[in-house]
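build the 3D model from these lines:
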Amino acid sequence: MKPMRSEIEDAIVGILASEDEGWTVKQSQIVPDARLVSDLGLDSQDVLHLMASINMRFKRRFLFNKLVVKDAEAREYVDVTVRQVVDFVDENFESTEPPRGAGA
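Next up is the predicted model:
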């Protein structure tokens, strides 16, 4: 069953605010228009870790490359906002399936 958009947002904000993740993002910094890299200070490894954490949290395999990769050959990436990540998960939740071996 698809979670409500507010539940998706709360989960993503919770992941971003978690000290266990290894980055230091303050709760007050996590606003919808905050960019992951330029505003929250995440590096490319952190963004990958965030995406993996979101996949694990929702037991889904979101194809985040559709959201963040501008030009794979040139290795250009888009500095997306928190809102864009939430929107992407919300809009793609029902079209994704759990990874093999994971229960829904």
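
can you pull out the strands in this structure?
69-71, 76-77 (DSSP state E).

who wins for proximity to residue 14 among these?
Across those, residue 14 has its closest neighbour in strand 76-77 (23.7 Å, Cβ to Cβ). Using the backbone N, CA and C atoms, a C-beta is placed for each residue, glycine as well.

tabulate the strands of the chain (JSON lines), appending mean neighbour count.
Below are the strands of the chain laid out as JSON lines (neighbours: other Cβ atoms under 10 Å):
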{"stretch": "strand 69-71", "mean neighbour count": "11"}
{"stretch": "strand 76-77", "mean neighbour count": "14"}
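
for the ones you listed, give me JSON lines that also has distance to residue 96 and mean pLDDT.
Shown next, in JSON lines, are the strands of the chain (distance: least, Cβ to Cβ, whole Å; pLDDT from 0 to 100):
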{"stretch": "strand 69-71", "distance to residue 96": "17", "mean pLDDT": "79"}
{"stretch": "strand 76-77", "distance to residue 96": "21", "mean pLDDT": "80"}
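
closest to residue 32 out of the ones you listed?
Residue 32 sits nearest to strand 76-77 of all the strands of the chain, at 19.9 Å, using Cβ to Cβ.

what about the closest one, distance to the chain center?
16 Å (Cα atoms, centre = their mean, to the nearest Å).

try stretch 55-74
Offset of stretch 55-74 from its chain centre (Cα atoms, centre = their mean): 8 Å.

and for stretch 73-91?
Chain-centre distance of stretch 73-91: 8 Å, with Cα atoms, centre = their mean.

same check on stretch 36-55?
On Cα atoms, centre = their mean, the centre of stretch 36-55 falls 7 Å from that of its chain.

a markdown table for the strands of the chain, including distance to residue 18?
Below are these laid out as a markdown table (distance: least, Cβ to Cβ, whole Å):
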| stretch | distance to residue 18 |
| --- | --- |
| strand 69-71 | 25 |
| strand 76-77 | 23 |
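
and the ones you listed: which comes nearest residue 90?
If you check each of these against residue 90 by Cβ to Cβ, strand 69-71 wins as the nearest, at 19.8 Å.
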